[in-house]
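In: fold the following, please.
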Amino acid sequence: MPRRTKILATLGPATDDPRTLDDLIGAGVDVVRLNLSHGSHEEHRIRAETIRDRARASGRQIGVLMDLQGPKIRIGGFRDGRVELREGGEFVLDTACGPNEGDENQVGLTFPDMIRDLSRGDTLLLADGAIQLWVEEVTDTSVRCRVDVGGVLSNSKGINKQGGGLSAPALTDKDKADILFAASIEADYLAVSFVRSAEDVFEARRLLHEAGGKADIVSKIERAEAVDAIDGIIEASEAIMIARGDLGVEIGDAELPAVQKRLIKMARSGNKVVITATQMMESMIDSPIPTRAEVFDVANAVLDGTDAVMLSAETAAGRYPVKAVEAMDRICREAEKQSKVRTSHHRLNTVFGRVDEAIAMATMYTANHLGVAAIAALTESGSTPKWMSRISSGIPIYALTSHVATRRKVTLFRGVYPVSFDVSVQDSQKANEEIVEELQRRGAVRTGDLIIITKGDLNGVEGGTNVMKILRVGEHILSDQRIEPNQ
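Out: A predicted model of the protein is given here:
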């Protein structure tokens, strides 16, 4: 059985060798992430083109996700590159301090307006929470703090306010330029950082569409405000990413596991895609094997129903990028053997508003109760297989489409696999035969297996799926006859 949970791997200097990319594809990467917080547009363009070329050479489709930097609020730099803050000491965030003039007493800010959001008694968390400052006094140009948790602080570390509340806009001028770039390389997904509300999603989509881009929007949930506004954000987005680094800093690490589980459930219930990200196998930046805690982390995300698990620095800058993907692959496969991930009560009491959506739900109910070996969904946009993939099942869903953009997009859907197929074939019997032959060629089915095919009466029409056919491989179309599922 193919792995159902998708692997999203970040590209970077550690993966620039085409041979490494070939090995990553062979290890099972489904989607790649280009992190616009680092590198130039030209570097990312070359990476996108190269991964697509290598994927074609291997007969695969690989999706491309562009990740916007967003308004990451950071301190400035230090004269000596770093300082050590001692517990109980005083430290000042000063907007008048130059970009590299910080010392053990003060440092500058990249977003001076953050001062307006602070007051005495607030707790500031620096370097992903490793340093904690208690705000004692706020002036027009500076914030005087007491060091509650000290340690080594280096240049350009991020700042979060415990509980959220920093009002930096979701899209910076750099992000707007990066959206134009994402459209120019035909990115399949655009991840928007530090989303606060549905309005941030609408703005990103407007800018993307104006630039001619057709990527799906992934909202990164990494602010406390985003958790509070999650219903609207999920509805406005095609996907969400649970970005556990900044989110854990803002809401507290103890709350993070329950929030992660709730967000996965909410996304799937809303027919949206969900990615679990950040520090999933961070030890593998320097180690060839993951820790047991990391194994549990990945497996639990799979058991909860995440569409994809993400690797960041493990592949972008780590010593063992291919081993990290291989480890994630075997953990996902083992977790997927559990019966919990193959049963579902999703939307049993829901009234469907579209015919194609109803066909998708009926297909999954039938497949899960009839012993079907595979599902073949002829699709224009990918919507029908996405709806199907919201239902927990162990049955592979093959998205057959002539559109390369759709094939790339479905690479992120749990349990869905892209297949290049000419959907313009008008003869229904001939189309069925070609579909069966394709699944046999892939080793997905064999003689005697039951399969389900979904398609529309009018081929090539988006949203036109209105037919579900049940066939047994090697026999004619089944009609009014008793079906004996294979045991």
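
In: all helices for the stretch 301-450 of the chain, in order.
Out: For the stretch 301-450 of the chain, applying DSSP state H, counting those that start in this stretch gives helices covering 313-316, 321-335, 355-370, 383-389, 404-409, 428-441.

In: so which of the ones you listed comes closest to Asp173?
Out: For Asp173, the closest of those is helix 313-316, at 24.6 Å, according to C-beta to C-beta. In this view, the C-beta of every residue, glycine as well, is placed from N, C-alpha and C.

In: let's see the closest one as PDB, backbone CA atoms only.
Out: Taking Å, rounded to 0.1, in the frame of the first residue of the first chain, the C-alpha atoms of helix 313-316 are listed here in PDB:
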ATOM      1  CA  ALA A 313      16.000  22.600   8.700                       C
ATOM      2  CA  GLU A 314      16.300  18.800   8.800                       C
ATOM      3  CA  THR A 315      16.300  18.800   5.000                       C
ATOM      4  CA  ALA A 316      17.200  22.400   4.100                       C
END
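
In: which strands or helices does it pack on?
Out: Helix 313-316 is packed against strand 6-10, helix 321-335, with contacts defined by 3 or more C-beta pairs under 8 Å, 6 or more residues apart in numbering; DSSP states H and E.

In: ok now the last one, how far from the chain's centre?
Out: The offset between the C-alpha centroid of helix 321-335 and the centroid of the whole chain comes to 17 Å, using C-alpha atoms, centre = their mean, to the nearest Å.

In: equivalent analysis for the first one, please.
Out: With C-alpha atoms, centre = their mean as the basis, strand 6-10 stands 8 Å off its chain's centre.

In: let me know the average pLDDT across it.
Out: Throughout strand 6-10, pLDDT has a mean value of 98.

In: got a list of what Phe421 touches?
Out: The contact partners of Phe421, by C-beta atoms under 8 Å, 6 or more residues apart in numbering, come to Leu378, Leu400, Thr401, Ser402, Glu434, Ile435, Glu438.

In: which stretches of this protein have low pLDDT?
Out: 340-353, 425-426, 457-463, 476-487 (pLDDT under 70).

In: just say helix, strand or coil for the residue sitting nearest the centre point of it.
Out: Centroid check for the chain by C-alpha atoms, centre = their mean gives Ile275 as the closest residue, at 3.5 Å. Classification of Ile275 by DSSP: H, G, I helix; E, B strand; the rest coil places it in strand.

In: of the contacts of Phe421, which is the nearest to Gly151?
Out: Gly151 has its nearest neighbour among the contacts of Phe421 in Thr401, at 51.9 Å by C-beta to C-beta.

In: quick check: domain ranges of the chain?
Out: As assigned by automatic domain parsing, the chain contains the domains 6-70+170-336, 82-161, 355-472.

In: can you put those in TSV and add distance to Gly76?
Out: Putting the domains of the chain into TSV (distance: least, C-beta to C-beta, whole Å) gives the following:
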stretch	distance to Gly76
domain 6-70+170-336	17
domain 82-161	3
domain 355-472	37
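
In: tell me who's in contact with Ala313.
Out: Counting by C-beta under 8 Å, 6+ apart, Ala313 touches Thr10, Gly12, Glu282, Ile285.

In: let's see that with 6 Å instead.
Out: For Ala313, the contacting residues are Ile285, by C-beta atoms under 6 Å, 6 or more residues apart in numbering.

In: in stretch 72-90, what's buried?
Out: Lys72, Ile73, Arg74, Ile75, Gly76, Gly77, Phe78, Val83, Leu85 (16 or more other C-beta atoms under 10 Å).

In: quick check: buried residues in whichever strand or helix holds Val467?
Out: Here Val467 sits within strand 465-472, counting by DSSP states H and E. Judged by neighbour count (16+ other C-beta under 10 Å), strand 465-472 contains these buried residues: Thr465, Asn466, Met468, Lys469, Ile470, Leu471, Arg472.

In: what's it packed up against?
Out: Applying 3 or more C-beta pairs under 6 Å, 6 or more residues apart in numbering; DSSP states H and E, one finds that strand 465-472 makes contact with helix 355-370, strand 450-456.

In: so what's Arg120 closest to, chain neighbours aside?
Out: Nearest residue to Arg120, sequence neighbours excluded (C-beta to C-beta, 6 or more residues apart in numbering): Val135, at 5.7 Å.

In: hmm, that neighbour is touching Asp117, no?
Out: No - the pair Val135 / Asp117 is not scored as a contact, 10.7 Å apart, by C-beta atoms under 6 Å.

In: which residues are common contacts for these two?
Out: With C-beta under 6 Å, 6+ apart, Val135 and Asp117 have no common neighbours.

In: picking that back up, my read is the residue nearest to Arg120 is in a strand, agree?
Out: Yes - assessed by three-state DSSP, Val135 belongs to a strand.

In: give the contact list for it.
Out: Leu118, Arg120, Asp122, Val143, Cys145.

In: what does Val83 give?
Out: Going by C-beta under 6 Å, 6+ apart, Val83 touches Glu104, Leu153.

In: measure it to Asp94 for me?
Out: Here the distance between Val83 and Asp94 works out to 14 Å (C-beta to C-beta, to the nearest Å).

In: do the same with Lys214
Out: Remark: distance between Lys214 and Asp94 (C-beta to C-beta) = 45 Å.

In: ok, now Gly70?
Out: Applying C-beta to C-beta, the value for Gly70 to Asp94 is 24 Å.

In: so between those two, which is more surrounded?
Out: Taking neighbours as other C-beta atoms under 10 Å, Gly70 and Asp94 compare with Gly70 leading, 27 against 22.

In: now that one. Nearest residue, chain neighbours left out?
Out: Per C-beta to C-beta, 6+ apart, closest to Gly70 is Ser193, 2.7 Å.

In: wouldn't that neighbour be in contact with Lys72 here?
Out: No - in this structure, Ser193 is not within contact of Lys72 by C-beta under 6 Å, at 7.3 Å.

In: specify the beta-bridge partners of the nearest residue to Met328 once chain neighbours are set aside.
Out: Of all residues not flanking Met328 in the chain, Ile7 sits nearest, at 5.5 Å (C-beta to C-beta, 6+ apart). Ile7 has these beta-bridge partners by DSSP bridges: Val309.

In: run a quick neighbour tally on Ile7.
Out: Look at Ile7: counted by other C-beta under 10 Å, it has 25 neighbours.

In: ok, now which ones touch it?
Out: Residues counted as contacts of Ile7 (C-beta under 6 Å, 6+ apart) are Gly28, Val29, Asp30, Val325, Met328.

In: as TSV, the residues you listed with distance to Glu294 and neighbour count would be great.
Out: Below are those laid out as TSV (distance: C-beta to C-beta, whole Å; neighbours: other C-beta atoms under 10 Å):
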residue	distance to Glu294	neighbour count
Gly28	17	19
Val29	18	29
Asp30	20	24
Val325	14	25
Met328	9	31
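
In: understood, closing this out.
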